[in-house]
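Chemist: Structure, please.
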Amino acid sequence: MTGKSLYEFIHPDYVYNVKSQIGRACVNLNQAGMPFDVKIISHNRIETDVEMINIGFNNGNDIQVMAIIRDITERKRSEELKIAMKENERLLVEAKEYDRIKNEFFANISHELRTPLNVILGTLQLLDIHNQNGSNKDLNMDKYIGLMKQNCYRLLRLVTNIIDITKIDAGYFDVNLESYNIVSIIEDITLSASDYIEDKGLSLEFDTDTEEKIIKCDPDQMERIMLNLISNAVKFTKPGGKISVKLTDKGSSIFISIKDTGIGIPEDKQGMIFERFRQVNKSLTRDHEGSGIGLSLVKSLVEIHGGTIYLISEPGRGSEFIIELPTNESHESHKKERAAKIRHIERIQVEFSDIYS
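Modeler: This is a model prediction of the structure:
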């Protein structure tokens, strides 16, 4: 180090400031200057942040400057961390605001879409009634009205799912969890879809190892969960296949299985099956319609009930979706689910709307 200039050990970005501070020390003798930050470079090129204070004094024939240096590496790291934290906080606030605006937009646009759809659907229903009661029934009119109604239901389903996904993301999706006999609810929902399933050339089997199991649930949301899974089973099962719904009492929980003999899902694709806006095979979309929202929504609804859902599947051998719901037993009397055949039919028309004959 002997014979080398001081400035060879100062980072080039700080050389000018160090020279200025030394110049001030030479003028203001015997006075400690203000501390300032410098980055020094060691002989093996390692950079270190330091704080420097210069003091100039007269040493007989010449003026000398003494520098007091303190390592401030940890302080610098702490300052950089604070800056990074503030930047991350700013980005988080911006992201939350963007997410809020996005959710509001989707909620507003979804409502705007649903309103005219309801008007169109109502008008089609009136046309259907008029055509059925008219003296000259037009079979072609029946066909066209049915096609238009199906596509209205399909759009209505998509819009409703978007609204509900938006509500779930925003944290204000409400469910009415009360004590019900889940066996009765699942049986009613399954049997309400039996005519539709059989019309598609499929057989339906319902089985349970218990007649009553009281849990806290929302019957409307359980209906959406079941009809979504059953419609998926119908969609991907060829005529002659079978769909099975089975309930198994496990004491502290109950398992609901929806199994089909359809095309199945490859193992490497099963991990993404519940991801939003994802479809296992985009080539299927030409024959099997779908938005990629349904199973994501099902998973969210199951989790809102405190449950879990998972998949067992093998290509060519079908798929089985298994829902596990906690019992949450209480001593309060449970409510009986009132007959809702009309509601079931309407829900089936909506949930099965993306399956064409």
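
Chemist: Check which helix or strand the most centrally placed residue in the chain maps to.
Modeler: By Cα atoms, centre = their mean, the chain has its centre lying nearest to R276, at 6.1 Å. In this assignment (DSSP states H and E), R276 forms part of neither any helix nor any strand.

Chemist: thought I273 was touching L295?
Modeler: Yes. Between I273 and L295 there is a contact at 5.9 Å, judged by Cβ atoms under 8 Å. Where you see a C-beta, it was placed from the backbone N, CA and C, and this is true even at glycine.

Chemist: Who has more neighbours out of the two?
Modeler: Per other Cβ atoms under 10 Å, whichever of I273 and L295 has more neighbours is L295, with 23 against 19.

Chemist: Report the contact partners of that one.
Modeler: 228, 232, 273-274 (Cβ atoms under 8 Å, 6 or more residues apart in numbering).

Chemist: and the strand or helix carrying it, average pLDDT?
Modeler: In this assignment (DSSP H and E), L295 forms part of helix 294-304. On average, the pLDDT along helix 294-304 is 91.

Chemist: which is the next helix or strand following it?
Modeler: Downstream of helix 294-304 (by DSSP H and E), the next one is strand 308-314.

Chemist: Which secondary structure elements does that following strand sit against?
Modeler: helix 294-304, strand 318-326 (3 or more Cβ pairs under 8 Å, 6 or more residues apart in numbering; DSSP states H and E).

Chemist: closest to F236 out of those?
Modeler: strand 318-326 (7.5 Å; Cβ to Cβ).

Chemist: Can you mark which positions in that closest one are buried?
Modeler: Across strand 318-326, burial judged by 16 or more other Cβ atoms under 10 Å covers 318-325.

Chemist: contacts for it?
Modeler: Contacts with strand 318-326, where a contact means Cβ under 8 Å, 6+ apart, come from 182, 215, 217, 225, 229, 232-233, 236-237, 241, 250, 252-265, 302, 305-313.

Chemist: Give me the buried subset of those.
Modeler: Among the contacts of strand 318-326, those classed as buried by neighbour count (16+ other Cβ under 10 Å) are 182, 215, 217, 225, 229, 232-233, 236-237, 241, 253-254, 256-265, 302, 305, 307, 309, 313.

Chemist: those strands in the stretch 201-350 of the chain, which residues are they?
Modeler: All strands of the stretch 201-350 of the chain, identified by DSSP state E, counting those that start in this stretch, fall at 203-208, 214-217, 242-249, 253-260, 308-314, 318-326.
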